[in-house]
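Undergrad: how would this look folded up:
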Amino acid sequence: MTDTQPDLRALPLPEALAWLREHGEPADPRPDIDTASLRRRFPRLAHVRTRDLIVEAPSGPQPARLYRDDTVAHAGAALVWVHGGAFIGGHLDMPESNWVALELAARGIPVLAVDYVKCLGDVHFPAPSDDVLAGWRYARANSAELLGVEPGALLLGGASAGGNLTAGVVARLRDAGAAVPAGLVLVYPALDPDGARPGTTPDPESPFAQLSVNYGGSPAALLDPHAFPGLGSVGGFPPTLVVVCEQDALRPSGEAFAARLTAAGRDSTLHVEPAADHAHINEPSHLGAARTLAAVVAWIAARW
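TA: I've put the predicted structure just below:
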């Protein structure tokens, strides 16, 4: 890293937040993760069409991007996808959003990737959740035109913090008596205040707890099942795929959630990605990333 761009992961959280507020998210130094480079690396992506959109959300206009490939057979379902970033970073051009959406669209699963406000100061829950909920409602209201499916064939999913936000939106929809997604895809989700120790009181000094308090806005928010859906009821959840990574410290959070779904009689599938760590689908060259996407496609194909 340069003197002007520190390793944000090594900084105390308040310093990292201050740097991000002042400078914005640093550019990814990888030279081969832009869309043109990805199409050259993976020729199967050549026919995926993208369209940038805006979702009017409570935090202000949020970017979204539509992905479709009309040269392949439609899978019968479409996906609203939400990237991660510890609630403080991430964007639609990161591979966890852009490459994942390109790959799924190339396999006949249209995708609307949506963004949300980041928790970099006075912003806390429910602001990011509200934005994801707005993105979901936008997709549902325009599903036939944008994604080629009726609302009943629309899935929701996300990775890491995006997994938290999408599971939380499902809980909010259920508790409001609204229709929930047809299915839920959670990839290395952060569903508990301390994802390494679900069901325990978080250590306030731990990095997980600090990020969770920054997201929730207060220690009291660590008890809110809409903010941390690993704490709440799983009744009424749709068919759910949970992907965890063998080497990920957050693995217990996803495994505990999948087990609770199964115990409650819900349709739950757990996929453990071997020899992979957190954020592996943010690296297109990772062999486990390709396996994870294949597992997502197979899970969707088996149900729609």
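Undergrad: hang on, Arg39 packs against Leu45?
TA: Yes: counting by Cβ atoms under 8 Å, Arg39 does reach Leu45; the two are 4.9 Å apart. To be clear about C-beta, it is placed using only N, CA and C from the backbone, and glycine gets the same treatment.
Undergrad: the more surrounded of these two?
TA: Counted by other Cβ atoms under 10 Å, Arg39 and Leu45 do not tie: Leu45 has more neighbours, with 18 against 15.
Undergrad: separation between the more buried one and Gly135?
TA: Leu45 sits 23 Å away from Gly135, going by Cβ to Cβ, to the nearest Å.
Undergrad: ok, now His280?
TA: Distance from His280 to Gly135, by Cβ to Cβ: 24 Å.
Undergrad: now Gly76: which helix or strand?
TA: Assigned by DSSP states H and E, Gly76 belongs to neither a helix nor a strand.
Undergrad: that one: neighbour count?
TA: 14.
Undergrad: can you name the residues that contact it?
TA: Going by Cβ atoms under 8 Å, 6 or more residues apart in numbering, Gly76 touches 149, 153, 304.
Undergrad: compare those residues and tell me which is most surrounded.
TA: Most surrounded of these: other Cβ under 10 Å gives Val149, at 22 neighbours.
Undergrad: does it count as helix, strand or coil?
TA: Three-state assignment for Val149 (DSSP: H, G, I helix; E, B strand; the rest coil): coil.
Undergrad: low-scoring stretches of the chain, by residue?
TA: Where the chain drops to pLDDT under 70, the residues are 1-4.
Undergrad: now do the strands in it.
TA: Taking DSSP state E, the strands of the chain run over residues 49-57, 60-68, 78-82, 111-114, 154-159, 184-187, 240-245, 268-273.
Undergrad: out of those, flag the one nearest Leu173.
TA: When the strands of the chain are compared by Cβ to Cβ, strand 154-159 sits nearest Leu173, at 9.3 Å.
Undergrad: now the closest one against strand 240-245, angle please.
TA: Following axes from the mean of the first three to the mean of the last three Cα atoms, to 10 degrees, one obtains 20 degrees for the angle between strand 154-159 and strand 240-245.
Undergrad: what lines up beside strand 154-159 in the sheet?
TA: strand 78-82 (parallel), strand 184-187 (parallel) (DSSP bridges).
Undergrad: buried deepest among those strands, which one?
TA: The highest mean neighbour count among the strands paired with strand 154-159, using mean count of other Cβ atoms under 10 Å, belongs to strand 78-82: a mean of 30.
Undergrad: outside of that one, which residues touch it?
TA: 97, 100-101, 104, 109-114, 116, 132, 135-136, 139, 143, 147-149, 153-159, 162-163, 165-166, 181, 185, 300.
Undergrad: just the buried residues of the residues you listed.
TA: Among the contacts of strand 78-82, those classed as buried by 16 or more other Cβ atoms under 10 Å are 97, 100-101, 104, 109-114, 116, 132, 135-136, 139, 143, 147, 149, 153-159, 162-163, 165-166, 181, 185, 300.
Undergrad: burial count for Asp7?
TA: Using other Cβ under 10 Å, the number of residues around Asp7 comes to 9.
Undergrad: wait, I meant Arg9
TA: 8.
Undergrad: next one: Arg137
TA: Considering only other Cβ under 10 Å, Arg137 is surrounded by 16 other residues.
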